[in-house]
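A.B. asks: output the structure for:
(one chain, ligands or ions: 1)
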Amino acid sequence: MTVLPSDKFATLAIHAGAHTDVHGSVIEPISLSTTFKQSAPAQPIGAYEYSRSQNPNRANLEAAVAALERAQFGLAFSSGSATTAVVLQSLPTDSHAISIGDVYGGTHRYFTQVAHAHGVQTSFTNDLERDLPQLVRPNTRLVWLESPTNPTLKVTDIRRVADAAHAANPDILVVVDNTFLSPYISNPLTHGADIVVHSATKYINGHSDVVLGVLATNNEPLYERLRFLQNAIGAVPSPFDSWLTHRGLKTLHLRVRAAAQSAQRIAKFLEASDRVEHVNYPGLSSHPAYAVVQKQHRDALGGGMISFRIKGGAGAAARFTSTTRLFTLAESLGGIESLVEVPAVMTHGGIPREQREASGVFDNLIRLSVGIEDIDDLLEDVRQALEKAGAQ
Ligand SMILES: *Cc1c(COP(=O)(O)O)cnc(C)c1O
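C.D. replies: Reported below is the predicted structural model:
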C-alpha cells in the first residue's frame, strides 16, 4: 500500500484505498470477475483468488474505512446487520454480553433471538457508565454501545466504559456502533474501543442507494478471526456496492459537516419554539452529556440527527410528518436528503409501549435526519410544519 503524505481526514477520504489500474485510471474500475487466474496451482498471479474471499473494490473500501477510523484493519459486509452478526458470531459459546439498552432494533434482535442459540446471554442497561462494573460476569466477553443512541440521542463516555470494561477483564471487547456520527465526527478506537462498526448504508455511503456494513479494528488477531468469519459466513458486499460506497465516502467530511451545521440551527430553532416540549440534540449545551460531546466529537459537532417531542401528542406528530415538504417521511438516515419519522409507530413500533416510553420514545417524538439541502429552506419547512401541526 502506498503511504499517503498526510493523515488529515479530508485527504484520507479522497486518497486512502484509491489505487490506479494498469491504464492509470484515476478511479479504479469495478472488478466484476468472481475468480482470478493463477500461474501454477495455488499460485495466484496477483493478490486475489476468488471474490468472496477478497476483490479489488472491497479491498479499496476496507482500506479507506480503516484510514478514516484511524485503524490498521477494515472489513466490509453485505449490511450493517451482517457486520453485527459476524462480530457476535465470533464470541465463544456461552459467553455473556453487556449492551446499551436502546440499541439498534436489529442488534437487539440478534442478541436475543439469534446469538442466544449459541449460548450468548445479554444484559441490557440504559446507563453503561454507571452499571457496567456490577454487570460484568466471569464469562463477559463483549460490551456493545451506540453513542448517540437512536432515537433519543443519549451520549456515552466511551473512554470511561472501555476503561471500566478492560479493568474488569482485558479479554472483554468493547464494540461501538458509530453509525450515527460517522468517522468524521468521532473515532471510537481513539477513545479505547476495540472494534468500531457502521451501517455504511447511512452516512458512509450517504446517498441512500446501498445497503452495506463495515468494521475497523487495531487488534490483529481479532481482525484475522473476523476476516476468517467474513469469508466463512460469506455475507460480503458486491464489487458494485463496494465501489459506490467508496465513492460516497470521499465526500463524507463535506456532507457530515454540512448536515451537522444545519442540524445545530434546526435544533436551536426547535428548542426556542413554544410548540415543542423537548429537544434531544447532542450539539445543544442543554444536552445532559454535552461535556462528553465536547471531548468525544470533532469540534463538538452534534451530528445530523435530532429528535423532539411536539406538543399535541401523536396527532400533532402525524400532522407534522405529513406536512413537511422537504423532509420526506421515511425510515433510515444519513443520506443527502432530509428525512422525518415517528419512531413510536415506525422504527420502534415493535417495542412494547412501557419499555419504549422508559427510554424516552413517546408517541409525540419526531426524529429528523437532516440532509444537505439549503438551511433556510429546511428551517422554513420545519417552521411551517410546526405551525400546521399545531392548528387542529
Ligand atoms: C441501520 C442501522 C444498523 C443496521 O444496518 P443495515 O445496513 O440496515 O443492516 C445498525 N446500527 C444502526 C445504528 C443503524 O442505524
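A.B. asks: Leu32: helix or strand, and which one exactly?
C.D. replies: Using DSSP states H and E, Leu32 is not contained in any helix or strand.
A.B. asks: switch to numbering from 33
C.D. replies: Happy to do that; since the first residue is 33 now, the last one works out to Leu64.
A.B. asks: could you measure from Pro215 over to the ligand?
C.D. replies: As for Pro215, its distance to the ligand is 14 Å (criterion: C-beta to the nearest ligand atom, to the nearest Å). For every residue, glycine as well, the C-beta is placed using N, CA and C.
A.B. asks: what's the answer for Arg84, then?
C.D. replies: Between Arg84 and the ligand the computed distance is 19 Å (C-beta to the nearest ligand atom).
A.B. asks: who touches that residue in this structure?
C.D. replies: 263, 266, 268 (C-beta atoms under 8 Å, 6 or more residues apart in numbering).
A.B. asks: give me the phi and psi for the residue in the stretch 133-282 of the chain that the ligand sits nearest to.
C.D. replies: Nearest to the ligand in the stretch 133-282 of the chain, going by C-beta to the nearest ligand atom, is Ser231, at a distance of 3.0 Å. Backbone dihedrals for Ser231, given as degrees, to the nearest 10, come out at phi -80, psi 100.
A.B. asks: that one against Gly238, yeah?
C.D. replies: No - with contact defined as C-beta atoms under 8 Å, Ser231 and Gly238 do not form a contacting pair (11.6 Å).
A.B. asks: count of residues packed around the nearest residue to Glu373 once chain neighbours are set aside?
C.D. replies: Leaving aside its chain neighbours, Glu373 sits nearest to Arg399 (5.2 Å; criterion: C-beta to C-beta, 6 or more residues apart in numbering). Arg399 has 26 neighbouring residues, counting by other C-beta atoms under 10 Å.
A.B. asks: quick check: phi and psi on Arg399?
C.D. replies: Per degrees, to the nearest 10, the backbone of Arg399 is at phi -110, psi 130.
A.B. asks: do the same with the one 4 residues further on
C.D. replies: Dihedral angles phi and psi of Gly403 (degrees, to the nearest 10) take the values phi -90, psi -160.
A.B. asks: which one is it nearest to, not counting chain neighbours?
C.D. replies: Ser370 (3.8 Å).
A.B. asks: ok, the one you found to the ligand distance?
C.D. replies: Between Ser370 and the ligand the distance is 16 Å, computed by C-beta to the nearest ligand atom.
A.B. asks: does that residue touch Ser401 like I think?
C.D. replies: Yes - using C-beta under 8 Å, Ser370 is in contact with Ser401, at 6.4 Å.
A.B. asks: could you pull out the helices for the chain?
C.D. replies: 41-47, 88-100, 112-121, 137-145, 160-167, 190-200, 214-217, 252-265, 271-281, 284-304, 322-328, 345-355, 385-390, 407-422 (DSSP state H).
A.B. asks: bridging residues for the residue nearest to Glu373?
C.D. replies: Under DSSP bridges, the beta-bridge partners of Arg399 are Ser339, Glu373.
A.B. asks: what's the distance between it and Phe212?
C.D. replies: 11 Å (C-beta to C-beta, to the nearest Å).
A.B. asks: shared neighbours of those two, anything?
C.D. replies: Joint contacts of Arg399 and Phe212 (C-beta under 8 Å, 6+ apart) are 182, 337, 365.
A.B. asks: report the contact partners of the last one.
C.D. replies: By C-beta under 8 Å, 6+ apart, Leu365 lies in contact with 212, 234-235, 336-337, 371, 399, 401.
A.B. asks: these two touch, right, Ser127 and Thr154?
C.D. replies: No - counting by C-beta under 8 Å, Ser127 sits too far from Thr154 to count as a contact (9.9 Å).
A.B. asks: what does the stretch 233-382 of the chain put close to the ligand?
C.D. replies: 233-234, 243, 245 (C-beta under 6 Å from any ligand atom).
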